[in-house]
Structures are given as C-alpha cells and as structure tokens.
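Asker: sequence and predicted structure are below.
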Amino acid sequence: MNIRPLADRVVVKPLDEQAEQKRGSIIIPDTAKEKPSQGEVYEVGPGRKTEEGKLVALEIKKGDKVLYSKYAGTEFRLGDEELMIMRESDILAVIN
C-alpha cells in the first residue's frame, strides 16, 4: 500500500528503542514506557500553500531521521507497519 500525505504533513515511522529500560533492579513494563520521539520520515506531502497561492516546499525529505514532539501526530497502521502522521511544524530537528 502507498500513502501520500497532503499539504505540509509528514508520515514518520517511529524508531523502536532497542534496550529495555531498567532502573536498579526494577524492569519498567511496556505500558509505562514513554513513546519514542525519534523516527524516520516515510513519506512527505507537497508542501503548504500561502495566502497568495504559492507552494512552500517542505524542508524535511524522505529518509531523514527526525526528532518530534512527544505528543505530536496521529498513530495509524499501514499494512504491518506502525506509522504516525504529523505536520512538519511538529518536527523539532533532523538527526545526522
């Protein structure tokens, strides 16, 4: 399946945290863990239009690793993948 975000929206695949969180001898369950705030850009929209009708292209491109706000976007499933869709303004930084 393909997805094409509209306007200034970006589809991000959250990066899984590899290491299990452990504090002392207490293992933190999945339900108490914070959701990841890093991901890889899966797809980007064409950009937003100004009031004059000009298209402003996005700075983010497909394949970028990004850091986004903790409560940004909407989670959804596309086939077997867990993805998020959010506005470009919810993305805080590109990670090199």
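Answerer: That came in fine, so what should we check first? Numbers count the residues shown, from 1 in each chain.

Asker: beyond the lowest-mean-pLDDT helix or strand in the chain, next helix or strand please.
Answerer: Least confident helix or strand of the chain, by mean pLDDT, DSSP states H and E, is strand 22-23 with a mean of 57. Once strand 22-23 ends, the next helix or strand along the chain (criterion: DSSP states H and E) is strand 26-27.

Asker: distance between that following strand and the chain's centre?
Answerer: Chain-centre distance of strand 26-27: 28 Å, with Cα atoms, centre = their mean, to the nearest Å.

Asker: direction included, what does it pair up with?
Answerer: Note on strand 26-27: by DSSP bridges, its sheet partners are strand 22-23 (antiparallel).

Asker: what about Leu58, distance to Ser25?
Answerer: 46 Å (Cβ to Cβ, to the nearest Å). For the C-beta atoms, the positions are set from N, CA and C on the backbone; glycine is no exception.

Asker: who has more neighbours out of these two?
Answerer: Taking other Cβ atoms under 10 Å, Leu58 and Ser25 do not tie; Leu58 has more neighbours (19 against 5).

Asker: can you pull the phi/psi pair for the more buried one?
Answerer: The phi/psi pair for Leu58 (degrees, to the nearest 10) reads phi -80, psi 150.

Asker: thought it was touching Arg87?
Answerer: No. The criterion here is Cβ atoms under 8 Å, and Leu58 misses it with Arg87 at 10.0 Å.

Asker: joint contacts of these two?
Answerer: 8, 10 (Cβ atoms under 8 Å, 6 or more residues apart in numbering).

Asker: okay, and the beta partners of the residue nearest in space to the middle of the chain?
Answerer: Central residue of the chain (Cα atoms, centre = their mean): Val12, 3.3 Å from the mean position. Under DSSP bridges, the beta-bridge partners of Val12 are Val41, Met84.

Asker: and it, how far from Lys49?
Answerer: Counting by Cβ to Cβ, the gap from Val12 to Lys49 is 22 Å.

Asker: check the burial of Asp8 by counting its neighbours.
Answerer: 20.
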